[in-house]
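J.: prediction below, plus the sequence it came from.
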Amino acid sequence: MNLLPTADPTDSVSDLYSALFSGTGSVFAIIFYVIVVIALWKVFTKAGYPGILAIIPIVNLIFLIKIAGMSGWWVLLYLIPVVNIVMAIVVAVKVGRNFGKGGAFSFFLLWLIPFIGYFIIGFGSAQYRRV
């Protein structure tokens, strides 16, 4: 009778993978967040809001909704699971329209790939005009 636990080789492999990649997702998330904040900073300044508001997570969403021409209270719809996806698309299209961009640009570059779309709006020649 063996009272010692036997070593399962798959446990050591999964422990190795979890040790190697546990912080990698966090690092990529922080890098992505910093890139989006830089882009949103320029978008906020073009729209007449202080750029520093782009750093604070919930506040940047409230002011992005205001840039879209909607009330800041609409941010509460982001708390509802399926409605938040629809709301994000609506806000992206309205922000794009207020910067003179079309619906396809807004959907693909402001909603699907926001770090590229907001860089184009923020550092490009787009001017904010509230429609």
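T.: Sure, I can see it. Numbering: from 1, shown residues only.
J.: run the chain-centre distance for the helix or strand Gly122 falls within.
T.: Assigned by DSSP states H and E, Gly122 falls within helix 114-123. Centroid separation between helix 114-123 and its chain, computed with CA atoms, centre = their mean, to the nearest Å, is 12 Å.
J.: average pLDDT for it, rounded please.
T.: Mean pLDDT, helix 114-123: 94.
J.: any buried residues in stretch 68-79, and which?
T.: 68, 70, 74-75, 77-78 (16 or more other CB atoms under 10 Å). Where you see a C-beta, it was placed from the backbone N, CA and C, and this is true even at glycine.
J.: re the thing from before, which outside residues touch the helix holding Gly122?
T.: 32, 35-36, 38-43, 45-46, 92, 95-96, 99, 101, 105-106, 108-111, 126 (CB atoms under 8 Å, 6 or more residues apart in numbering).
J.: mind checking which of those residues are buried?
T.: 36, 38-43, 45-46, 92, 95-96, 99, 101, 105-106, 109-111, 126.
J.: just the ones of those in helices?
T.: Among the buried ones among the contacts of helix 114-123, DSSP state H puts 36, 38-43, 45-46, 92, 95-96, 105 in helices.
J.: okay, those residues in a markdown table with pLDDT next?
T.: Formatted as a markdown table, those follow (pLDDT from 0 to 100):
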| residue | pLDDT |
| --- | --- |
| Val36 | 92 |
| Ile38 | 96 |
| Ala39 | 96 |
| Leu40 | 96 |
| Trp41 | 97 |
| Lys42 | 96 |
| Val43 | 96 |
| Thr45 | 96 |
| Lys46 | 96 |
| Ala92 | 96 |
| Val95 | 96 |
| Gly96 | 96 |
| Phe105 | 95 |
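J.: in a markdown table: those, plus distance to Tyr118.
T.: Shown next, in a markdown table, are these (distance: CB to CB, whole Å):
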| residue | distance to Tyr118 |
| --- | --- |
| Val36 | 7 |
| Ile38 | 9 |
| Ala39 | 4 |
| Leu40 | 6 |
| Trp41 | 9 |
| Lys42 | 8 |
| Val43 | 5 |
| Thr45 | 12 |
| Lys46 | 11 |
| Ala92 | 10 |
| Val95 | 9 |
| Gly96 | 10 |
| Phe105 | 12 |
